[in-house]
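**Q** Show me the folded form of this:
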Amino acid sequence: MHSSTIGRRQAVAYVGLLVLSMLLLAFSGSAPLLELRRGVGFALAPVQQVVRDATRQVTSVFAAIGEIERLRLQVQELAQRVDELEIENRQLQSLRHENDELAALLDVRASLNHETVAGHVISRRLTSQERVISIDRGAAAGIRVDDPVVAGGGALVGQVIEVGANYSRLLLLSDSRFVVAGLVEGSRATGDVRGQLERPLSMEGISATDEVNIGEAVLTAGIDLGGGIRSPFPGGLLIGTVVDVQTSPNQVVQSALVLPAAALDRLEYVLVVVNYRDSPPAEESPGPTDGAP
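**A** Next up is the predicted model:
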């Protein structure tokens, strides 16, 4: 009894809804329903606006995220390009330095009366006990032990102490084993210039009667050592500049400290004078030339 009543009620409700739907379809264009639609639309307008604003905000957020990602990629690309330009700049600076050093060597080669061989520094042993470098030219290029070595500006670098077919080891003038006869440009005073590793060179045995001033240039003397033997270094090569003079009233000699002219710790290219010992002594010119002996 009870279940049949419920079934009849559901049927009546279904029929009522069906009739209402047909009436709405029939009178959908009537004024009351249009007013109802407008009223509902007016009532729902704030909700729709909120939904639209929220949609726009969400869209803006995604657009902002996309823009941030695009900018991040641009920054990354620019940073990579800056790194590449820095590398290129360092390479150009290195090439410019090498070109300047090679140009200076060419000027020295043109000014010397001796045959020279250019060499590239391939290794350095700059320790608290020695100052030795190696270059990529050797016996095959005519280099021999004791050949003098110069750098740009005609500055003395050292002397060859070992030769292989395609390499040579050079003793720098800052090494404590290195000795060369030096000549003070102004007073023409002479003395033995010795290496002192990290310290400036020491010029010893200068006569106390000779005047030696700070700032004067010291050159290779290129003197005759007697018995037909001359200095293994051509005269007039720049050794360095006097930076201190040490005198004593009770001594007959004085000494000086000399700063090397060549940047011995940063050499990249050098010139080896290969035929100086074979040239006749008459080629030696101890007198000044362009302000230097």
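**Q** What count of nearby residues applies to V179?
**A** By the criterion of other Cβ atoms under 10 Å, V179 has 14 neighbours. C-betas here are computed from N, CA, C, even on glycine.
**Q** Over to L92?
**A** L92 has 10 neighbouring residues, counting by other Cβ under 10 Å.
**Q** contacts for the helix or strand hosting L259?
**A** Using DSSP states H and E, L259 falls within strand 253-260. Strand 253-260 has contacts (Cβ atoms under 8 Å, 6 or more residues apart in numbering) with 155, 173-174, 182, 184, 191, 193, 199-208, 210, 212, 218, 239-248.
**Q** and the residues you listed, which are buried?
**A** Those of the contacts of strand 253-260 that meet the buried threshold are 155, 173-174, 182, 184, 191, 193, 200-204, 206, 212, 218, 239-242, 245, by 16 or more other Cβ atoms under 10 Å.
**Q** Checking my notes, V117 in a helix, right?
**A** No: applying DSSP: H, G, I helix; E, B strand; the rest coil, one finds V117 to be strand, outside a helix.
**Q** ok, now which ones touch it?
**A** V117 is in contact with R137, A141, G142, I143, L271, V272, V274, counting by Cβ under 8 Å, 6+ apart.
**Q** let's see it at 6 Å
**A** Residues near V117 by Cβ atoms under 6 Å, 6 or more residues apart in numbering: R137, A141, I143, V272, V274.
**Q** and those residues, which are buried?
**A** Buried members of these, scored by 16+ other Cβ under 10 Å, are R137, A141, I143, V272, V274.
**Q** Next step: those residues restricted to strands.
**A** Using DSSP state E, the subset of the buried ones among the contacts of V117 located in strands is V272.
**Q** V61: which of the buried ones among the contacts of V117 is nearest?
**A** Checking the buried ones among the contacts of V117 against V61 with Cβ to Cβ, the nearest one is R137 at 68.9 Å.
**Q** quick one: the strands in this protein?
**A** Counting by DSSP E, the chain has strands at residues 116-126, 131-135, 148-150, 156-163, 168-172, 179-184, 190-196, 199-207, 217-220, 224-226, 229-230, 238-246, 253-260, 269-273.
**Q** CA atoms of the fifth one as CSV?
**A** By that I understand strand 168-172. Coordinates of each C-alpha in strand 168-172 appear next as CSV, following Å, rounded to 0.1, in the frame of the first residue of the first chain:
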residue,chain,number,x,y,z
SER,A,168,117.7,24.1,-25.1
ARG,A,169,118.0,24.9,-21.4
LEU,A,170,118.9,28.4,-20.4
LEU,A,171,120.5,29.7,-17.2
LEU,A,172,118.8,33.0,-16.4
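**Q** which other helices and strands contact that strand?
**A** strand 131-135, strand 156-163 (3 or more Cβ pairs under 6 Å, 6 or more residues apart in numbering; DSSP states H and E).
**Q** Other residues contacting the longest one?
**A** Residues from elsewhere that reach strand 156-163, judged by Cβ under 6 Å, 6+ apart: 138-139, 143, 145, 147-151, 168-173, 237, 239, 262, 270.
**Q** Give the partner strands of that strand in its sheet and their orientations.
**A** strand 148-150 (antiparallel), strand 168-172 (antiparallel) (DSSP bridges).
**Q** how many degrees apart are that strand and strand 253-260 in direction?
**A** With axes from the mean of the first three to the mean of the last three Cα atoms, to 10 degrees defining the directions, strand 156-163 sits at 80 degrees from strand 253-260.
**Q** Just the angle for strand 156-163 relative to strand 179-184, thanks.
**A** Using the same axes, to 10 degrees, the inter-axis angle of strand 156-163 relative to strand 179-184 is 160 degrees.
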